[in-house]
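Peer 1: Test case, fold it:
(one chain, ligands or ions: 2)
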Amino acid sequence: MKKIILDTDPGIDDAMAIFTAMAHPQIELLGLTTTFGNVSVEQATTNALSLVEMAGLDIPVAKGVGTPWVKELNPFPDFVHGVDGFGNVNLPAPKGQPIAQSAAQYIVEQVNACPGEITLVAVGPLGNLAAALQIDPSIAEKVKEVVLMGGVIAADGNVSPVAEANILSDPHAADKVMAAAWSVVIVGLDVTHQVVLNNALFAKIAKENTKVGQFMADAAQFYIDFYSSIRDIDGCYAHDVSAVAYVVDSSMFGTIEGEVCVATDGVAIGQTIMSRFGIPYPLTFWQGRPKQKACMQVDSTKLVALFEDAMTSDYWN
Ligand code: BDR
Ligand code: CA
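Peer 2: Ligands and ions are numbered 1, 2, ... in the order given. Sure thing, here's the model as predicted:
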């Protein structure tokens, strides 16, 4: 079993990742930590609690940061995820409450309790991870791995020609995460734009998963409508669930490695720039940073099957 903490801004594709992590037999989901991103941190926390409740699970939800480290807070992308973060399905308020600890405090406590065992899976802006490093820098050597959906190395960005949304939302926090002495795996747009989830799949999930399937299909419809209006695809991208898939089976991805800096201002703000050609550049930005991994190839058929299997498994009956 792989122990994970999922740091998230639910978010329609976040819900796909969270449900997959709950249902997958190789994952032990310790808890959810929330951040602003697709919605405010208050809404993200409400949404995380709703997903936990809907699944009938009893795991902690810790509320995290509500604003970026330095940059101003941008308007939330309600045209992508809806005003409620779930495609305007407007779920009833959950009964549960977040725990008293902040997301960063919870991460620090859990990592220290199980050194070498916990993978942090981050599928939103990275402020909670940066805050956890600030509270206790020693967690960098105690975390098993940091797997994040965010960034893009060689493909096109989705919020600028070079930037991906999670990284642009808090580039200063992202730069701290890339610079820390832990192993980061970037599961970014280079691979997530290769994996499309279509309506037929969500119709199957709605039919076979009586607990959360109809909700997932209804929310996904909003995401699919958005993506099919701006990109030439018949479905939506499997962004956040790709990070969970990496934890389960990294062999479905091809990776490269290099030191990573995040541009924190200017026209390239939010770009994840990896020194990947082994060239000693005259500019010193990358010097002294750890080599991190980035996914560049993916077996999309296997990834879609992993999502489908998790969402339609006996776990939900
Ligand atoms: C990422 O941004 C958010 O909109 C999604 O939830 C995903 O984490 C994709 O760029
Ligand atoms: Ca997300």
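Peer 1: following the longest helix anywhere in the chain, which helix or strand shows up next?
Peer 2: When the chain is scanned for its longest helix (criterion: DSSP state H), the result is helix 213-230. Downstream of helix 213-230, the first helix or strand assigned by DSSP states H and E is strand 236-237.
Peer 1: pLDDT (mean, whole number) over that next one?
Peer 2: If you average the pLDDT over strand 236-237, you get 96.
Peer 1: what residues does that strand touch?
Peer 2: With CB atoms under 8 Å, 6 or more residues apart in numbering as the test, strand 236-237 has contacts from 12-13, 192-193, 195-197, 220, 223-224, 226-228. C-beta coordinates here come from the backbone N, C-alpha and C atoms, glycine included.
Peer 1: and that strand, does that touch ligand 1?
Peer 2: No. Strand 236-237 lies apart from ligand 1 when judged by CB under 6 Å from any ligand atom; the minimum separation is 7.4 Å.
Peer 1: part of a helix, is L129?
Peer 2: Yes. Checked against DSSP: H, G, I helix; E, B strand; the rest coil, L129 lies within a helix.
Peer 1: Which residue, other than its chain neighbours, is closest to it?
Peer 2: Distances taken as CB to CB, 6 or more residues apart in numbering put V177 closest to L129, at 5.0 Å, once the chain neighbours are dropped.
Peer 1: who's in contact with the one you found?
Peer 2: Neighbours of V177 in contact, by CB under 8 Å, 6+ apart: A122, L126, L129, A130, L133, V146, L148, V184.
Peer 1: Work out for me the element it sits within.
Peer 2: Going by DSSP H and E, V177 is in helix 171-179.
Peer 1: Give the rounded mean pLDDT of that helix.
Peer 2: 98.
Peer 1: begin at 33 from here
Peer 2: Let's use 33 as the start, then, which means that last one is helix 203-211.
Peer 1: Take that helix, keep the C-alpha atoms, and write them as PDB.
Peer 2: Below are the C-alpha coordinates for helix 203-211, written out as PDB (Å, rounded to 0.1, in the frame of the first residue of the first chain):
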ATOM      1  CA  PRO A 203       4.700  30.700  -8.800                       C
ATOM      2  CA  HIS A 204       6.700  31.600  -5.700                       C
ATOM      3  CA  ALA A 205       5.500  28.600  -3.800                       C
ATOM      4  CA  ALA A 206       6.100  26.400  -6.800                       C
ATOM      5  CA  ASP A 207       9.700  27.600  -7.100                       C
ATOM      6  CA  LYS A 208      10.300  26.700  -3.400                       C
ATOM      7  CA  VAL A 209       8.900  23.300  -4.000                       C
ATOM      8  CA  MET A 210      11.100  22.700  -7.000                       C
ATOM      9  CA  ALA A 211      14.200  24.000  -5.100                       C
END
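Peer 1: Tell me how many other residues crowd A197.
Peer 2: When neighbours are counted by other CB atoms under 10 Å, A197 registers 24.
Peer 1: in terms of contact, does it touch V191 like I think?
Peer 2: Yes. Between A197 and V191 there is a contact under CB atoms under 8 Å: 4.8 Å.
Peer 1: can you tell me which residues contact A195?
Peer 2: Contacts of A195 (CB under 8 Å, 6+ apart): V184, G189, A300, I301, G302, Q303.
Peer 1: switch the cut-off to 10 Å
Peer 2: 183-184, 188-189, 201, 203, 221, 294-295, 299-304 (CB atoms under 10 Å, 6 or more residues apart in numbering).
Peer 1: State the distance from it to ligand 2.
Peer 2: Here the criterion is CB to the ion, to the nearest Å. By it, A195 lies 15 Å from ligand 2.
Peer 1: Helix or strand: which one has that residue?
Peer 2: If you go by DSSP H and E, A195 is not part of any helix or strand.
Peer 1: Return the residues of the stretch 233-349 of the chain in contact with ligand 2.
Peer 2: Residues of the stretch 233-349 of the chain lying near ligand 2 by CB under 5 Å from the ion: D272.
Peer 1: Around ligand 1, which positions in the stretch 233-349 of the chain sit nearby?
Peer 2: H271, D272.
Peer 1: circling back: point out the ones among the contacts of A195 that are inside strands.
Peer 2: Mapping these onto strands (DSSP state E) picks out V294, T304.
Peer 1: mind checking how far D168 is from ligand 2?
Peer 2: Counting by CB to the ion, the gap from D168 to ligand 2 is 25 Å.
Peer 1: ok, L123 touching A80?
Peer 2: No. The pair L123 / A80 is not scored as a contact, 11.7 Å apart, by CB atoms under 10 Å.
Peer 1: immediately after the helix holding V209, which helix or strand?
Peer 2: Following helix 203-211 in sequence order, the next helix or strand is strand 216-219 (DSSP H and E).
Peer 1: send the alpha carbons of that following strand over as CSV?
Peer 2: Extracted in CSV, the C-alpha atoms of strand 216-219 (Å, rounded to 0.1, in the frame of the first residue of the first chain):
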residue,chain,number,x,y,z
VAL,A,216,9.6,16.0,-7.2
VAL,A,217,7.8,14.4,-10.2
ILE,A,218,6.1,16.8,-12.5
VAL,A,219,3.0,15.3,-14.1
